[in-house]
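Novice: show me how the following folds:
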Amino acid sequence: MTLIRSKFLPAAIALALASPLALAQTAATVNGKAIPESLVDAVAANMAKQSGQPVTPQLKAQIKKEMILREVVVQEAEKMGLPKQQDIQDEIEINRQNVLIRAVLGDYLKKHPITDAQIKAKYDTFTKSFGNTEYEAQHILVPTEKEADDVIAQLKKGAKFSDLAKKYSKDTGSAANGGNLGWSTPGNYVPPFADALTKLKPGQYTTTPVKTQFGWHVIKLDKTRPAKPPALEQLRPQIVQELQREAIQKYQQQLLASAKISQ
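Specialist: Residues are numbered from 1 along each chain as shown. Just a heads-up that it's a prediction; the model follows:
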């Protein structure tokens, strides 16, 4: 285990050092500089949360060993005068801001928890846009309209759609499967693609190339079936994340609006 590359370690260090308990107990001393026991505890708790494993004496011993190594290297950096370099100061400041930003936003979410009513409202909005029909489709994606017209001409002559998809389609995600996109609702596709797809009947393909930001498509509808949206509980984690993201964005905009800014 190498904690130096850990993403959560800087935050754990900042939180531990900010605590009044940081000086209560010392895990180790390096050249007179104390490493707080609370810092080791904070790192261990974060690692346990990340891995889903409990905090063990072995884990704490390993962390303590790594924290001693980190302190030795940091002290060497200070001897070399690295903290005085502007680029180093800038990076330290960015990391300091990141820790404080996470703390502020985390505090805001703790004080403004997402409610069941919000989750239900978001889910209801999703189910309304989900649609009542799923489509199983294939497509062939090519760079130019002329190439799409050539594909359509071959289809009219009796060529098999899946064979042409394997030969011509630039969509690496579906070409090998004969252009098969599986079952999906129109809302998962960009509007031009969705509009063309929903106008087809099973077995039909588009006789006019469909242009999107990805290129030119020839689309074939295989089957349709009634659509059933996922249950609320299945989507709850994603809905909560989305609502939290929206809440944080709104909070940040409020802070921005109240700040005096000159450029």
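
Novice: which parts of the stretch 1-150 of the chain are strands?
Specialist: With strands called from DSSP state E, counting those that start in this stretch, the stretch 1-150 of the chain shows them at 26-30, 33-36, 133-142.

Novice: which of those is buried the deepest?
Specialist: strand 133-142 (a mean of 22; mean count of other Cβ atoms under 10 Å). In this view, the C-beta of every residue, glycine as well, is placed from N, C-alpha and C.

Novice: helices or strands up against that strand?
Specialist: helix 145-156, helix 161-168, strand 180-184, helix 191-198, strand 215-226 (3 or more Cβ pairs under 8 Å, 6 or more residues apart in numbering; DSSP states H and E).

Novice: pretty sure Y189 sits against L197.
Specialist: Yes. Using Cβ atoms under 8 Å, Y189 makes contact with L197 at a distance of 6.7 Å.

Novice: contacting residues around the closest residue to W216 other than its chain neighbours?
Specialist: Spatial nearest neighbour of W216, chain neighbours left out: A148 (4.0 Å); criterion: Cβ to Cβ, 6 or more residues apart in numbering. Each residue near A148 by Cβ atoms under 8 Å, 6 or more residues apart in numbering is listed here: 140, 142, 209, 216-218.

Novice: list the buried residues in stretch 205-219.
Specialist: For stretch 205-219, a neighbour-count test (16 or more other Cβ atoms under 10 Å) marks 205-206, 209-210, 215-219 as buried.

Novice: what residues are up against the residue of the chain most remote from its centre?
Specialist: For the chain, the residue at maximal distance from the C-alpha centroid (Cα atoms, centre = their mean) is K157, at 44.9 Å. K157 makes no contacts at all, as judged by Cβ under 8 Å, 6+ apart.

Novice: and S162, by the same measure?
Specialist: So S162 contacts 138, 178-180 (Cβ under 8 Å, 6+ apart).

Novice: A34 and Q25 touch, don't they?
Specialist: No. If you go by Cβ under 8 Å, A34 and Q25 don't touch, sitting 9.3 Å apart.
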